[in-house]
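Enquirer: Coordinates for the following, if possible.
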Amino acid sequence: MSETRDLLFEIGCEELPSSYVARALKALPELVTGALKELRLGHGTVSPLGTPRRLDVHVADVQRRRGDLE
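Expert: Residues are numbered from 1 along each chain as shown. You can find the predicted model right below:
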């Protein structure tokens, strides 16, 4: 069994103005990276995707278990 998995967050919403989508796509990777760091889960690239009705964040190679805490 693989030690990592890809993760996809999808947020459905009412239609957003394009300027809001652009700001969300800029902010989401930092938010997701911070949350994964807090959970001590290593990961690969974080890629935002979006449309006016859907915001997605794809995270490659998320560890299936937390790192040890010393």
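
Enquirer: Using the three-state scheme, assign D6.
Expert: Secondary structure, DSSP: H, G, I helix; E, B strand; the rest coil: D6 is strand.

Enquirer: In three-state terms, label the closest residue to it other than its chain neighbours for me.
Expert: Nearest non-adjacent residue to D6, counting by Cβ to Cβ, 6 or more residues apart in numbering: A60, 5.5 Å away. For every residue, glycine as well, the C-beta is placed using N, CA and C. Secondary structure, three-state DSSP: A60 is strand.

Enquirer: so A60 makes contact with G44?
Expert: Yes. Proximity of A60 to G44 meets the contact threshold set by Cβ atoms under 8 Å, at 3.6 Å.

Enquirer: how much space between D6 and V59?
Expert: 7 Å (Cβ to Cβ, to the nearest Å).

Enquirer: Comparing those two, which residue is more hemmed in?
Expert: Ranked by neighbour count (other Cβ atoms under 10 Å), D6 and V59 place V59 first, with 21 against 12.

Enquirer: Could you tell me which residues make contact with that one?
Expert: By Cβ atoms under 8 Å, 6 or more residues apart in numbering, V59 lies in contact with 6-9, 32, 36, 43-47.

Enquirer: repeat that for 7 Å
Expert: Listed by Cβ atoms under 7 Å, 6 or more residues apart in numbering, the contact set of V59 reads 6-7, 32, 43, 46.

Enquirer: and if you look at G50?
Expert: Per Cβ under 7 Å, 6+ apart, neighbours of G50: 21, 24-25, 56.
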